[in-house]
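[1] dropping the sequence and predicted coords here.
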Amino acid sequence: MSDRKFGESDHEPLKGDDVLKQAIAEWRDELPTRDLWSGIQSRIDTQPKTTARGITLTLPQLAMAATLLIAVASGLTWMVAHPPVATSNEQVIQAYGNPEEETQGTIVQANFADAQFNAAVDDLEKILREERDRLDPRTVLIIERNLKAIDAAINEARMALNDDPANPYLNSHLADARRRKLDLLRTATTLASAGGD
Amino acid sequence: MPVDDVVLATQGDTAAFERVYRAHMPRIFNLARRMAGPDAAEELTQDVFVRAWQKLSLFRGESSFATWLHRLAVNVIIERFRTLGTQRERFLADSEAVLDVAPAVRTKHMDLSMDLQAAIEQLPDGARTVFVLHDVEGYRHEEIGDILGVSPGTSKSQLHRARQTLRALLMKKVES
């Protein structure tokens, strides 16, 4: 749509006293006689959206994805229900060994790395705060939303670990979430340093 | 219109999309009313927003969201004309004949805008589209040509004939 003002036609401009120009000027806006949103909502709830990459899954692909999801979920459930049993040697290390000398065979507690993780996150968040003006506001919004989601996952994992500190799944989940947070922060700061997206 | 709502809607947030709808509905509804007439406007408005929901992720922010949505709306409305036109065979092909025999508006004179609404409904879809897009919505002939798949010259010719017909119909009402 051009920026041409009303009546400034590029073909036979309408004259000021033209009855047609007057009629257009008087052609007022109206509103629908009913609320149209409910009809729209019912249709968008049942229709798939086009993704940016135009990905659509066929029925066999969906079935395969569902099978994979079930397999992964079953594996995780089994791991939580059957934590690995340490050997007697490892049990001695865990109970009596010096943690500074021996880590093999012991369960690595998540809070061992808290200080390094927090320091890295603090550094990256500081850079991001300083550089965020160089990013598109929509990119910032998406990054912030993702960070919030990851923070929520980290908090949940930490709370669960308070009750079950040796749970390997929860430890792995926490490590994963932390890695994702660091990756996202690194990506964001790289984008910002490069002058935006 | 906060850009955040468009972004949120792109991520699947229907509440944000409802806010987008509320902000843009009046303009889209009136575009549909002027291009397709009041009877079809409500359904077309719904079609436009359903299409917008499906295509939101393709909005790249290269133009304003309002401009993107407006162009999408024009395409949806023209598609509807073409679907009907296939049955009636009169989108652009034989519009001249219809213009030549357009009957006088039979409604009682109330004001020019009412007369224009009635008069414009006498136009064939193609001529009405060119007139609304050019004289009301501010599109250029080159843009209209792109949208309709015709040359700018055809658009100019359609506009000329649409204006002549509308003027004649309006003058009849004014004189009566």
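    Yep, it's here.
[2] hey, let's count contacts and neighbours off CA atoms from now on
    Noted.
[3] just the pLDDT for residue 146.
    Reading this off chain A. pLDDT recorded at residue A:146 is 78.
[4] oops, wrong one, chain B.
    pLDDT, read off for residue B:146, is 92.
[5] buried sites along the helix or strand harbouring it?
    Residue B:146 belongs to helix B:141-148 when assigned by DSSP states H and E. Neighbour counts over helix B:141-148 (16 or more other CA atoms under 10 Å in any protein chain shown) mark B:141, B:143, B:144, B:145, B:148 as buried.
[6] quick check: next helix or strand after the least confident helix or strand in chain B by mean pLDDT?
    Least confident helix or strand, chain B: helix B:95-100 with a mean of 42, by mean pLDDT, DSSP states H and E. Next in sequence after helix B:95-100, counting helices and strands by DSSP H and E, comes helix B:112-120.
[7] can you list contacts of that following helix?
    A:20, A:22-28, B:34, B:37, B:105, B:107, B:109, B:128, B:166, B:169-170, B:173 (CA atoms under 8 Å, 6 or more residues apart in numbering or on different chains).
[8] that one - what's its average pLDDT?
    Taken as a whole, helix B:112-120 has an average pLDDT of 80.
[9] tell me what the helix or strand residue A:169 falls within is packed against?
    Taking DSSP H and E as the criterion, residue A:169 maps to helix A:168-193. Packing contacts for helix A:168-193, counted by 3 or more CA pairs under 8 Å, 6 or more residues apart in numbering or on different chains; DSSP states H and E, involve helix A:59-81, helix A:114-131, helix A:137-163.
[10] what angle sits between the second one and helix A:168-193?
    Spelled out, it's helix A:114-131. Here the directions of helix A:114-131 and helix A:168-193 differ by 30 degrees (axes from the mean of the first three to the mean of the last three CA atoms, to 10 degrees).
[11] okay, buried residues for helix A:114-131 please.
    Quick answer for helix A:114-131 (16+ other CA under 10 Å): A:117, A:121, A:124, A:125, A:127, A:128, A:131.
[12] coming back round to it: the buried residues of helix B:141-148 into CSV, with extra columns for distance to residue B:160?
    Shown next, in CSV, are these (distance: CA to CA, whole Å):
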residue, distance to residue B:160
B:141, 12
B:143, 17
B:144, 14
B:145, 15
B:148, 17
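[13] nearest to residue B:5 among those?
    Residue B:5 lies nearest to residue B:143 out of those, by CA to CA, at 28.6 Å.
[14] element containing the residue nearest the centre of chain B?
    In chain B, the centroid-proximal residue (CA atoms, centre = their mean) is residue B:35; its distance is 3.3 Å. For residue B:35, the host element (DSSP H and E) is helix B:14-36.
[15] remind me which residues of chain B are low pLDDT?
    For chain B, applying pLDDT under 70 flags the ranges B:1-3, B:85-113.
[16] next: chain A.
    Ranges of chain A meeting pLDDT under 70: A:1-17, A:46-113, A:195-197.
[17] right, and the residue nearest to the centre of chain B touches residue B:129 too?
    Yes. Assessed by CA atoms under 8 Å, residue B:35 is found in contact with residue B:129 at 5.7 Å.
[18] so residue B:24 makes contact with residue B:65?
    No. Between residue B:24 and residue B:65 there is no contact under CA under 8 Å: 9.7 Å.
[19] relative to chain A, how far out is residue B:18?
    Using CA to the nearest CA, to the nearest Å, residue B:18 is found at 7 Å from chain A.
[20] please name the nearest non-neighbouring residue to that residue.
    Nearest in space to residue B:18, with sequence neighbours left out and distances taken as CA to CA, 6 or more residues apart in numbering or on different chains, is residue A:37 at 7.4 Å.
[21] cool, residue B:158 as well?
    Spatial nearest neighbour of residue B:158, excluding adjacent residues (CA to CA, 6+ apart): residue B:127 at 5.3 Å.
[22] check which helix or strand that neighbour maps to.
    Judged by DSSP H and E, residue B:127 forms part of helix B:125-131.
[23] now find how far off-centre that helix is within its chain.
    In terms of CA atoms, centre = their mean, to the nearest Å, the centre of helix B:125-131 is found 8 Å from the chain centre.
[24] please apply the same query to stretch B:9-20.
    25 Å.
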